[in-house]
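**Student:** Turn this into a structure:
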Amino acid sequence: MSDAEDPTTFSPAEPTTGEEFEPVEVFPDNDDFDLRPGADNCYKCSTCDTNCPVAEVDDDFPGPKFQGPEQWRLTQTDDDYEIDDSITSCSNCLRCDNACPSGVPLSQMHNTARGRYVDEQMSKLSVEYIRNRILANYRTSAWLASKVPRLSTFVMNNSAVRWVMDKTMGIPKERDFPAFATETFQEWWAKRGGADESRRRARQNRPDDADPSDYKVAYFHGCYSNYNTTQVGKAMVRVYEELGFEVVVPEQKCSGTPMFANGMLDDAERHAKVNVSSMSDLVEQGYDAIASCTSCSMALRQEYPELFDIDGIEKVSENTYDSVEYLRIHTDIADRLSEATVEGDLAEEFAYHAPCHGRNQGLERQAVELFAELDGVGIEDVGDSCSGISGTYGWKSEKYEISMEIGQPMFDHMEDSAGETGMTECPTCAMQMEHGTGYDVRHPLELIEAAIVEA
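**Tutor:** Model (predicted):
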């Protein structure tokens with residue numbers, strides 16, 4: 001049997017075209033998501049442990065091999081076995097998935113074990129649980145903050161408030177809270193005219209002989225592009241319309257990534273059901289699902305089908321793309337950029353960091369390759385180190401120093417590079433890059449917009 005025919009082989013590092021990546025087929029013969037076949041594939045080579053950024057700096061963390069197949073075996077042989085509390089020290093970076101030569105679905109095992117630990121062993125009245133629930137449900141707190149964005153930004157960054165949160169909730173006082181946009185992306189989208197306006201603009205830029213059904217995308221903007229970095233969402237819309245694509249913005253909730261990382265799988269599933277329902281309907285109508293955050297595309301593409309049984313989930317997974325990846329596959333964006341020149345604020349050198357969740361989708365070189373021929377811009381890959389923040393992980397006081405130690409190689413590489421502006425597709429990686437270096441950080445879509453979209 002070849003690797004391609006082996007149903008237990010899992011190669012997340014391979015770039016997807018939307019046709020070959022089928023994470024739901026990890027265990028095709030097990031409707032109850034029995035992880036035993038994956039555990040049996042582990043032959044204890046410890047490659048996952050040597051590639052784990054947490055294990056590298058935290059001697060108390062037993063590593064992915066224990067957290068995954070070894071702990072899974074224990075749960076199957078001992079009904080009274082309790083999940084080790086070190087499962088909360090896993091940052092959910094998914095590097096272990098990428099590293100495993102046997103295709104063991106380690107992150108699926110970690111998410112399952114973490115969910116069980118939180119459900120059965122963590123006190124629901126503990127400060128840790130309450131803090132984690134707030135962090136995991138960022139969409140709710142961001143929605144509230146967006147009602148008074150300037151006041152929210154000011155209060156959350158007040159030194160006295162941060163000190164109190166550190167002492168009472170375990171949210172590190174060292175972190176700068178992100179600014180909330182005075183107008184959310186959704187508000188901008190509606191005011192601009194929504195899908196009707198996007199269709200009109202796309203039609204103007206589409207080749208006359210093009211089939212309109214090939215130019216339809218559904219944008220999953222996620223929480224951060226909606227409430228904080230709205231410029232990323234706007235750049236995505238303008239770039240795609242410039243290339244002739246009609247954009248729609250369906251009903252959506254959080255991707256669930258911070259919920260997975262905090263073991264709150266019931267919360268994640270509630271959000272996933274809404275996202276899959278709206279996206280699957282659009283996929284049936286010929287739309288592809290596009291996300292500008294690599295963690296969001298990772299959730300829709302891999303984590304949903306691994307963890308949940310929802311109607312339409314396979315179809316959504318098969319038709320989900322990262323926003324830059326989709327352009328490289330379906331358009332002549334590389335040729336457009338090779339003929340363009342960037343001037344003004346974005347004509348400079350960039351230090352590019354590939355997010356772990358992008359690496360797990362085979363996207364670690366896409367920005368460096370895409371912008372290599374863009375006139376007026378220099379871009380340098382600052383290495384394969386993890387940023388260390390891993391979503392909510394670096395937003396916990398007890399994990400702050402560990403997250404900064406993990407990120408130190410990235411900080412050093414950025415400061416040694418020619419550029420003084422960072423670039424990444426992940427919003428929390430961008431937070432960590434800014435926090436550790438003081439650099440401004442941009443999304444690749446912003447640079448594409450500056451290159452091909454007229455102001």
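
**Student:** how far away is Met165 from Glu174?
**Tutor:** 11 Å (CB to CB, to the nearest Å). Heads up, the C-betas are built off the backbone N, CA and C, glycines and all.

**Student:** swap that for Glu369, please
**Tutor:** Taking CB to CB, one finds Glu369 at 35 Å from Glu174.

**Student:** Same check on Leu445?
**Tutor:** 29 Å.

**Student:** So for the two, which sits in the more crowded spot?
**Tutor:** Leu445 (24 against 12; other CB atoms under 10 Å).

**Student:** before we move on, which element is the more buried one in?
**Tutor:** Leu445 is located in helix 444-452, with elements delineated by DSSP states H and E.

**Student:** Quick check: which helices or strands does that helix pack against?
**Tutor:** Here helix 444-452 touches helix 230-242, helix 323-330, helix 333-338, helix 366-370, going by 3 or more CB pairs under 8 Å, 6 or more residues apart in numbering; DSSP states H and E.

**Student:** what would the ones you listed look like in CSV with mean neighbour count, distance to Ala272 and mean pLDDT?
**Tutor:** Shown next, in CSV, are those (neighbours: other CB atoms under 10 Å; distance: least, CB to CB, whole Å; pLDDT from 0 to 100):
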stretch, mean neighbour count, distance to Ala272, mean pLDDT
helix 230-242, 23, 21, 98
helix 323-330, 22, 20, 96
helix 333-338, 16, 30, 94
helix 366-370, 19, 26, 94
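
**Student:** Confirm Pro172 sits in a helix?
**Tutor:** No. Using DSSP: H, G, I helix; E, B strand; the rest coil, the assignment for Pro172 is coil, not a helix.

**Student:** any idea of the pLDDT on it?
**Tutor:** If you check Pro172, the pLDDT there is 97.

**Student:** residue boundaries of the strands in the stretch 51-200 of the chain?
**Tutor:** Read by DSSP state E, counting those that start in this stretch, the stretch 51-200 of the chain holds no strands at all.

**Student:** any chance you could map the helices in it?
**Tutor:** Per DSSP state H, counting those that start in this stretch, the stretch 51-200 of the chain carries helices over the ranges 53-57, 64-65, 71-77, 95-99, 106-120, 127-136, 138-145, 149-156, 159-169, 185-192, 194-205.

**Student:** just those helices: most buried one?
**Tutor:** Across those, averaging neighbours per residue (mean count of other CB atoms under 10 Å) puts helix 64-65 on top, at a mean of 28.

**Student:** that older thread, so which of the helices and strands packed on helix 444-452 gets nearest Gly378?
**Tutor:** In terms of CB to CB, the element of the helices and strands packed on helix 444-452 nearest to Gly378 is helix 366-370, at 10.6 Å.

**Student:** What is the subsequent helix or strand relative to the closest one?
**Tutor:** strand 378-381.

**Student:** Who are the packing partners of that next one?
**Tutor:** So strand 378-381, by 3+ CB pairs under 8 Å, 6+ apart, packs with strand 349-352, helix 366-370.

**Student:** Export these to TSV and append columns for distance to Asp59.
**Tutor:** Formatted as TSV, the helices and strands packed on strand 378-381 follow (distance: least, CB to CB, whole Å):
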stretch	distance to Asp59
strand 349-352	30
helix 366-370	34
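
**Student:** Figure out which of those is closest to Glu401.
**Tutor:** Between the helices and strands packed on strand 378-381, strand 349-352 lies closest to Glu401; by CB to CB that is 23.5 Å.

**Student:** what pairs with that closest one, and is each one parallel or antiparallel?
**Tutor:** strand 378-381 (parallel), strand 421-423 (parallel) (DSSP bridges).

**Student:** How far does the last one sit from its chain's centre?
**Tutor:** Its chain's C-alpha centre lies 18 Å from the corresponding centre of strand 421-423 when counted by CA atoms, centre = their mean, to the nearest Å.

**Student:** check contacts around the residue nearest in space to the middle of the chain.
**Tutor:** Using CA atoms, centre = their mean, the residue of the chain that lies closest to the mean C-alpha position is Ser295, 1.0 Å off. Taking CB atoms under 8 Å, 6 or more residues apart in numbering, we find Ser295 in contact with 222, 255, 257, 355, 357, 391, 426, 428.

**Student:** Point out the least confident member of those residues, please.
**Tutor:** Lowest confidence among the contacts of Ser295: Gly391, with 93.

**Student:** give the contact list for that one.
**Tutor:** So Gly391 contacts 91-92, 257-258, 261, 295, 428 (CB under 8 Å, 6+ apart).

**Student:** Serialize the residues you listed to CSV and add fields for distance to Glu420 and secondary structure.
**Tutor:** Converted to CSV, the contacts of Gly391 look like this (distance: CB to CB, whole Å; DSSP: H, G, I helix; E, B strand; the rest coil):
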residue, distance to Glu420, secondary structure
Ser91, 28, coil
Asn92, 30, coil
Thr257, 29, helix
Pro258, 30, helix
Ala261, 31, helix
Ser295, 26, helix
Thr428, 21, helix
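
**Student:** Make a ChimeraX selection of the buried ones in those residues.
**Tutor:** Selection of the buried residues among the contacts of Gly391 in ChimeraX, burial being defined by 16 or more other CB atoms under 10 Å:
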select :91,92,257,258,261,295,428
